[in-house]
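[1] okay, sequence plus prediction incoming.
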Amino acid sequence: MKDWNTISEILRDYQVLIKMVHALCGIYVWELLTSIDFELDFIRGKRKFKWPFLFYVVNRYSLLLWLLFQ
């Protein structure tokens with residue numbers, strides 16, 4: 001049975017967590033860049049503003065900030 005509380009196991013788990021967060025951040029930034037046209041249409045005035053867009057933007061950038069400062 002593995003002892004999950006040893007320093008070596010905790011350090012290994014931490015390194016895996018850091019790599020996973022970096023991978024998720026890269027995937028999320030790629031998704032941000034591929035769908036930026038949707039947000040730019042609101043800024044340019046090509047799309048009409050509707051209230052669900054506010055939740056979309058807040059959730060989108062709060063997740064990005066969380067991933068960057070994790």
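    Yes, it's here.
[2] for burial, what's the neighbour tally of S62?
    S62: 10 surrounding residues under other Cβ atoms under 10 Å. Just so you know, the C-beta spots here come from the backbone N, C-alpha and C atoms, and that holds for glycine as well.
[3] for it, pull up the helix or strand it's in.
    helix 52-69 (DSSP states H and E).
[4] quick check: mean pLDDT of that helix?
    Across helix 52-69, pLDDT averages out at 89.
[5] ok, and what's touching that helix?
    21, 24-25, 28-29, 32, 39, 42 (Cβ atoms under 8 Å, 6 or more residues apart in numbering).
[6] so of those residues, which ones are in strands?
    Judged by DSSP state E, the subset of those located in strands is empty.
[7] tell me which two in those residues are the farthest apart.
    Largest separation among these by Cβ to Cβ: V21 and F42, giving 29.3 Å.
[8] biggest helix in this structure, by residue count?
    helix 7-34 (DSSP state H).
[9] which elements pack onto that one?
    helix 52-69 (3 or more Cβ pairs under 8 Å, 6 or more residues apart in numbering; DSSP states H and E).
[10] got the angle for the helix it packs on vs helix 7-34?
    140 degrees (axes from the mean of the first three to the mean of the last three Cα atoms, to 10 degrees).
[11] quick one: helix 52-69 to chain centroid distance?
    8 Å (Cα atoms, centre = their mean, to the nearest Å).
[12] report the buried residues of that helix.
    For helix 52-69, the neighbour count (16 or more other Cβ atoms under 10 Å) marks L67 as buried.
[13] ok, S35 to I7 distance?
    42 Å (Cβ to Cβ, to the nearest Å).
[14] which parts of the longest helix of the chain are buried?
    Buried residues in helix 7-34 (16+ other Cβ under 10 Å): 25, 28.
[15] what distance separates it from the centre of its chain?
    10 Å.
[16] check stretch 6-20 too.
    Using Cα atoms, centre = their mean, the offset of stretch 6-20 from its chain centre is 21 Å.
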